[in-house]
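Novice: when you get a sec, could you give me coordinates for this:
(one chain, ligands or ions: 1)
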Amino acid sequence: MTAQIEIVPYDGMNKGFLSQIQTWVKNVLEKADPSSTPPYLRLTIWKNIKALQEFYDQEKEDLGIVTGEESDFLATHEAWRDYPRIHICHERVKGVQDAVIEGVLHHEIGHALFHGSMEFYTFKFTGRLKEAARFNGFDLHLLQKCVYFLSIAIKDWEVIQWLTKIGLGPCQKSLLEYMMKDTEEEQEAWGVAKHSPVMKKIAMAAFLKIILPIEAMILIRSEDALKLKNQWKEAYSWLSVMEQDGLLRLSQRIMEFGESRFQEKLENAAYGLIEESF
Ligand SMILES: [Zn+2]
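Specialist: Alright, predicted model coming up:
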């Protein structure tokens, strides 16, 4: 049985956009392994950012949720009601290339299929990891920040690698290119973080979100992945060569745990980050 997806459009939504979304969703769901797909998921298309924000605020209030969800820029996913829900906002994607919108839908569906349970949103900090972190200047709060960013990068790596393997890599490339178009905010954050060894590593963990999936695409010999890596070097040219190399080394180290379970990947990545000298 393939996953049942309910697509909920907003009132008065144009039929053309709806049928495009239906096609894009079908393209990925028909390739998913039925044994690992949830029985039901829902995709809601919101008219504008205001409507989406109101929904989020209300849900957070009703369910007593304080912290945010993993929020990708163009679409989001959560499982607060015990089944995966994906949200896309029409206003937010206006003017964005079709391949990017298709990519972001595939991407969020990938998260819904693979990361729909609590295991992917909680992490057990072992005594050994906490000790190693403390030794390198990270208290538990800072270590949690690192692990949060690392978990996002690892989940993106898993989703993008899977989509690439089933032949949907081109849209993920478009999505990654889109994300690399503007790194100004990251550059600003880096300007502040680079003066502290600990903050620097937290920023590095956040930057992994793009380079780790690119390195994974190269590993499985995806076409044009090397080109994507050059684009990355260009987009992050405000990092020194040494810092870029540090990120590449860390990505390689994380990928060595490709066959492990999520929690092991995450723990290994945390050691790698803490111990890496950028
Ligand atoms: Zn993601």
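Novice: okay, now the residue of the stretch 51-200 of the chain found nearest the ion: neighbour count?
Specialist: When scored by C-beta to the ion, the stretch 51-200 of the chain has D156 as its residue closest to the ion, at 4.3 Å. Backbone N, C-alpha and C define where each C-beta goes, glycine included. For D156, the tally of surrounding residues (other C-beta atoms under 10 Å) stands at 24.
Novice: thought it was touching L212?
Specialist: Yes. Using C-beta atoms under 8 Å, D156 makes contact with L212 at a distance of 7.0 Å.
Novice: run through the helices of the stretch 101-250 of the chain in chain order.
Specialist: Ranges of helices in the stretch 101-250 of the chain, per DSSP state H, counting those that start in this stretch, are 127-135, 140-165, 169-180, 184-193, 197-219, 225-235, 241-255.
Novice: adding mean pLDDT, write those helices out as CSV.
Specialist: Listed next are these as CSV, based on pLDDT from 0 to 100:
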stretch, mean pLDDT
helix 127-135, 96
helix 140-165, 96
helix 169-180, 97
helix 184-193, 96
helix 197-219, 97
helix 225-235, 98
helix 241-255, 96
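Novice: how about these, which one is nearest V96?
Specialist: V96 sits nearest to helix 169-180 of all the helices of the stretch 101-250 of the chain, at 7.3 Å, using C-beta to C-beta.
Novice: the closest one and the ion in contact?
Specialist: No. Using C-beta under 5 Å from the ion, helix 169-180 never reaches the ion; the gap is at least 9.3 Å.
Novice: okay, angle between that helix and helix 225-235 too, please.
Specialist: Going by axes from the mean of the first three to the mean of the last three C-alpha atoms, to 10 degrees, helix 169-180 is angled at 10 degrees with respect to helix 225-235.
Novice: would you mind writing the CA trace of helix 169-180 as CSV?
Specialist: As requested, the backbone C-alpha atoms of helix 169-180 are provided in CSV (Å, rounded to 0.1, in the frame of the first residue of the first chain):
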residue,chain,number,x,y,z
GLY,A,169,18.3,14.4,-7.8
PRO,A,170,17.9,17.2,-10.4
CYS,A,171,15.2,19.0,-8.4
GLN,A,172,17.3,18.7,-5.2
LYS,A,173,20.2,20.3,-7.1
SER,A,174,17.9,23.2,-8.1
LEU,A,175,16.9,23.5,-4.4
LEU,A,176,20.5,23.5,-3.2
GLU,A,177,21.4,26.1,-5.8
TYR,A,178,18.5,28.2,-4.7
MET,A,179,19.6,28.0,-1.1
MET,A,180,23.2,28.9,-2.0
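Novice: any idea how far H87 is from E54?
Specialist: Applying C-beta to C-beta, to the nearest Å, the value for E54 to H87 is 12 Å.
Novice: the two: which has the busier surroundings?
Specialist: Between E54 and H87, counted using other C-beta under 10 Å, the more crowded position is H87 (21 against 12).
Novice: would you confirm that the more buried one contacts H77?
Specialist: Yes. Counting by C-beta under 8 Å, H87 does reach H77; the two are 7.3 Å apart.
Novice: list the contacts for V8?
Specialist: 42-45 (C-beta atoms under 8 Å, 6 or more residues apart in numbering).
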